[in-house]
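Visitor: Predicted model follows, preceded by the sequence.
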Amino acid sequence: MDFADFAARAAAIEGESADLETIGLVADLFGDAGEDLGAVARFVQGRIVPAHDDTKLDVGPTLCYEALARAAGRNVSAADVEAELAAVGEIGAVAESLDLGGQRGLEAFGDGTPDPLTVAEVQRTLRSIATASGGGSTDTKRNTLFGLFNRAEPLEARYLARLVLGEMRIGVGEGTVRDAVAEAFEASTEAVERALQVSNDCGVVARTAREDGEAGLSAIRLRVGRPVKAMLAQTGTAIEAIESWGDAAVETKFDGVRVQIHYDGETPRLFSRNLEDVTDSLPEVVDAVERSIDVPAILDGEVVAVDPDGTPLPFQEVLRRFRRKHDVAAAREDVAVELHAFDCLHVDGEDLLDTPLERRHERLRERLPDAAVDLTVSDDPDAIADLESEALSKGHEGIMLKNPESTYTPGKRGQNWLKRKPDVETLDLVVTGAEWGEGRRANLFGTFVVSVRTDDGYEPVGKVATGITDGELETLHERLEPHVRSETGTEVDIEPAVVFEVGYEEIQRSPTYGSGYALRFPRFVGIREDKSPADADSLERLRRLYS
Ligand SMILES: Nc1ncnc2c1ncn2[C@@H]1O[C@H](COP(=O)(O)OP(=O)(O)OP(=O)(O)O)[C@@H](O)[C@H]1O
């Protein structure tokens with residue numbers, strides 16, 4: 001396909017504001033792209049390499065302005081291009097307005113009548129710019145770009161400049177490409193979407209849809225070394241999880257950086273969340289994988305920085321590893337990191353994306369027992385709250401709740417993974433009662449009645465029994481016992497003296513408690529030693545929060 005044809009189509013797409021028409025135009029373009037379908041499917045999104053490939057063009061704006069200025073002739077400088085950009089606001093329009101080709105005949109195009117640019121040639125040339133490195137590579141890049149601009153007609157220059165600077169902006173994102181491939185080659189959007197998730201390469205997907213239809217799309221497999229997008233989470237609560245799935249799979253939410261590990265049987269490669277190869281920054285993770293796994297695998301996990309006692313450090317500490325790319329040995333001395341693997345996408349030739357989470361987890365534990373995270377399946381909000389408290393007390397970020405039956409959907413922020421960080425909302429409430437514990441806690445208070453302040457006293461809003469360690473229970477008992485007013489059966493009436501900070505998920509209207517409200521999933525966070533009952537949250541504030 002001539003690049004001029006691509007540019008004209010891109011202009012038409014850019015000028016179309018209706019989604020359906022845009023999809024139709026992109027589908028037509030794909031239908032006519034012939035041999036260049038792969039490149040065209042990438043170009044419309046402003047990409048020159050597949051999404052799984054972290055190769056960068058590495059052409060800064062200045063280099064691009066210089067190449068444009070040179071192609072525009074002696075009277076135009078890079079500063080002029082920049083000034084025009086400031087006035088016009090967009091590099092495509094600037095490139096289009098320049099009288100390019102003024103240098104025709106002076107460079108490599110001997111007879112002065114070069115062939116028209118083709119999509120294939122633009123792709124090849126831009127990729128050669130991306131791989132140019134070492135001494136003199138800046139000059140090589142500038143000269144090569146100049147060569148392209150020098151042959152570009154105005155509309156070609158517009159889209160070439162945008163492609164070079166990664167600013168295509170014709171309103172075509174991944175969703176449009178998915179729908180256009182489906183429309184052009186009569187495949188279902190689901191089949192195309194799935195193939196995109198698995199391959200992370202719209203070029204391969206478009207060609208496969210055209211040549212082999214849906215059967216071909218569903219035969220696309222994961223490939224070790226070709227990273228897929230990470231599955232993502234939404235925020236959610238244990239109650240939501242249990243209501244939706246019955247059981248929830250609970251894991252610690254580690255505060256580090258996401259890594260996807262690709263082991264081909266010999267060498268591990270690690271990819272960050274934005275699919276950059278970060279293998280060289282994390283040698284101990286590479287070692288751990290090499291030590292434990294002997295078959296090809298693709299794993300998902302979090303890398304966490306730890307202090308010498310193994311206590312987790314804030315995630316910024318891991319980032320130092322990536323910043324100090326050139327001095328990993330020194331960075332390694334500074335901060336140790338640990339891998340916590342939580343998913344397994346592929347093992348020994350078998351793709352596991354469609355295998356339920358629990359089963360994937362088993363496969364993970366078989367292969368990587370030391371680094372696999374613990375997974376607990378539970379339908380009990382209290383047990384989950386305890387797991388959360390435990391994770392928090394160990395210095396982790398919170399917990400993840402996952403649908404035990406769910407498949408792995410790359411790139412999706414769906415309903416099957418919920419992240420549960422500590423409550424954003426807490427209330428400071430007065431302890432006005434307690435109940436004796438049970439079992440090994442029978443000689444201690446186990447449940448605490450917490451109340452809001454009203455104009456003339458205190459009214460209960462819930463009972464707190466979770467989030468409290470055994471040690472804390474003893475402390476609380478000692479603190480409250482002097483304030484016991486009376487006891488009936490297992491119930492204890494306590495005078496307002498101690499203030500708890502209580503986390504919760506939701507405030508509900510409720511006839512059960514004197515305040516008229518109840519906290520859903522209340523959880524002990526700590527004693528507010530700095531507060532007296534008079535400083536506790538009021539019923540009025542509770543009402544406001546509710547509404
Ligand atoms: N056990 C775990 N399972 C899944 N993800 C985990 C786990 N522990 C830590 N994480 C991290 O938590 C993130 C889940 O939240 P989300 O998908 O929203 O990513 P995020 O935008 O990076 O959010 P956040 O800032 O909350 O980490 C994952 O991307 C991963 O980096």
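Guide: All right, it came through fine. Numbers count the residues shown, from 1 in each chain.
Visitor: neighbours around Ala184, how many?
Guide: Burial of Ala184 is recorded as 22 neighbouring residues (other Cβ atoms under 10 Å). Any C-beta I mention is one placed from the backbone N, CA and C, and that applies to glycine too.
Visitor: My guess is it contacts Ala33. True?
Guide: No - between Ala184 and Ala33 there is no contact under Cβ atoms under 8 Å: 9.2 Å.
Visitor: then the lowest-mean-pLDDT helix or strand in the chain to CSV, C-alphas only?
Guide: Lowest by mean pLDDT, DSSP states H and E among the helices and strands of the chain is helix 328-334, with a mean of 74. The C-alpha coordinates for helix 328-334 follow below in CSV (Å, rounded to 0.1, in the frame of the first residue of the first chain):
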residue,chain,number,x,y,z
VAL,A,328,22.4,-2.9,39.5
ALA,A,329,25.1,-4.4,41.7
ALA,A,330,25.2,-1.3,43.9
ALA,A,331,21.4,-1.1,44.0
ARG,A,332,21.2,-4.7,45.0
GLU,A,333,23.4,-4.0,47.9
ASP,A,334,21.1,-1.1,48.9
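Visitor: Now find how far off-centre that helix is within its chain.
Guide: The chain centroid and the centroid of helix 328-334 are separated by 26 Å, computed with Cα atoms, centre = their mean, to the nearest Å.
Visitor: continuing past that helix, what's the next helix or strand?
Guide: strand 336-347 (DSSP states H and E).
Visitor: and that following strand, what does it pack onto?
Guide: strand 257-263, helix 283-292, strand 297-306, helix 357-367 (3 or more Cβ pairs under 8 Å, 6 or more residues apart in numbering; DSSP states H and E).
Visitor: and those as a markdown table, adding distance to Asp386 and mean neighbour count?
Guide: Listed next are these as a markdown table, based on distance: least, Cβ to Cβ, whole Å; neighbours: other Cβ atoms under 10 Å:
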| stretch | distance to Asp386 | mean neighbour count |
| --- | --- | --- |
| strand 257-263 | 26 | 24 |
| helix 283-292 | 29 | 17 |
| strand 297-306 | 22 | 24 |
| helix 357-367 | 20 | 19 |
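Visitor: Distance to the ligand and mean pLDDT added to these, as TSV?
Guide: Output for the helices and strands packed on strand 336-347, formatted as TSV (distance: least, Cβ to the nearest ligand atom, whole Å; pLDDT from 0 to 100):
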stretch	distance to the ligand	mean pLDDT
strand 257-263	4	96
helix 283-292	14	93
strand 297-306	4	96
helix 357-367	10	96
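Visitor: Which among the ones you listed is found nearest to Leu20?
Guide: Between Leu20 and the helices and strands packed on strand 336-347, the shortest gap by Cβ to Cβ is with strand 257-263, which sits at 35.1 Å.
Visitor: Just name whatever secondary elements the least confident helix or strand of the chain is in contact with.
Guide: Helices and strands touching helix 328-334, by 3+ Cβ pairs under 8 Å, 6+ apart, are helix 283-292, helix 316-323.
Visitor: So which bits of the host helix or strand of Ala195 are buried?
Guide: In the assignment (DSSP H and E), Ala195 maps to helix 189-199. Buried residues in helix 189-199, counted by 16 or more other Cβ atoms under 10 Å: Ala191, Val192, Glu193, Arg194, Ala195, Leu196, Gln197, Val198, Ser199.
Visitor: OK, contacts around Leu68?
Guide: Val76, Ala78, Val81, Val94, Ala95, Leu98, Leu100, Phe149, Ala157, Ala161 (Cβ atoms under 8 Å, 6 or more residues apart in numbering).
Visitor: Can you check the pLDDT for it?
Guide: Here the pLDDT value assigned to Leu68 is 96.
Visitor: And the one 4 residues further on, by the same measure?
Guide: At Ala72, the predicted lDDT confidence score is 92.
Visitor: could you measure it against Glu540, distance?
Guide: Relative to Glu540, Ala72 is positioned 69 Å away (Cβ to Cβ, to the nearest Å).
Visitor: between these two, which one's more packed in?
Guide: When neighbours are counted by other Cβ under 10 Å, Ala72 comes out ahead of the other of Ala72 and Glu540, with 24 against 12.
Visitor: Go ahead and confirm that one touches Asp99.
Guide: Yes - counting by Cβ under 8 Å, Ala72 does reach Asp99; the two are 6.1 Å apart.
Visitor: of all the residues in the stretch 301-450 of the chain, which ones are close to the ligand?
Guide: When proximity is defined as Cβ under 6 Å from any ligand atom, the stretch 301-450 of the chain approaches the ligand at Glu302, Phe342, Val373, Met400, Lys419.
Visitor: What is the burial count for the third one?
Guide: Residues contacting Val373 under the criterion other Cβ under 10 Å number 19.
Visitor: Also Ser538?
Guide: Residues within reach of Ser538, counting by other Cβ under 10 Å, total 14.
Visitor: try Arg47
Guide: With other Cβ under 10 Å as criterion, Arg47 counts 18.
Visitor: Kindly report the same for His346.
Guide: Close neighbours of His346, defined as other Cβ under 10 Å, add up to 24.
Visitor: Ok, Pro114 next?
Guide: Counted with other Cβ under 10 Å, residues neighbouring Pro114 total 16.
Visitor: just to revisit the earlier point, right, so of the helices and strands packed on helix 328-334, which gets closest to Ser515?
Guide: When those are compared (using Cβ to Cβ), the closest one is helix 316-323, at 41.3 Å.
Visitor: Can you name every helix or strand that that closest one contacts?
Guide: Counting by 3+ Cβ pairs under 8 Å, 6+ apart, the packing neighbours recorded for helix 316-323 are strand 257-263, strand 297-306, helix 328-334.
Visitor: Which of the residues in the one helix or strand Asp28 maps to are classified as buried?
Guide: Element membership for Asp28, per DSSP H and E: helix 19-32. For helix 19-32, the neighbour count (16+ other Cβ under 10 Å) marks Thr22, Ile23, Gly24, Leu25, Val26, Ala27, Asp28, Leu29, Phe30 as buried.
Visitor: Thought Val205 was touching the last one, still the case?
Guide: So the one you mean is Phe30. No - contact status for Phe30 versus Val205: not in contact, 10.8 Å apart, counting by Cβ under 8 Å.
Visitor: which neighbours do these two share?
Guide: Common neighbours of Phe30 and Val205 (Cβ under 8 Å, 6+ apart) are Ala41, Val181.
Visitor: mean confidence for stretch 146-163?
Guide: The model assigns stretch 146-163 a mean pLDDT of 96.
Visitor: try stretch 42-52
Guide: Stretch 42-52 shows an average pLDDT of 95 in the prediction.
Visitor: Now do that stretch: everything it contacts.
Guide: Contacts of stretch 42-52 (Cβ under 8 Å, 6+ apart): 6, 10, 13, 26, 29, 55, 57, 119, 122-123, 126-127, 130, 159, 162-163, 166-170, 172-174, 176-177, 199-204, 226-229, 275.
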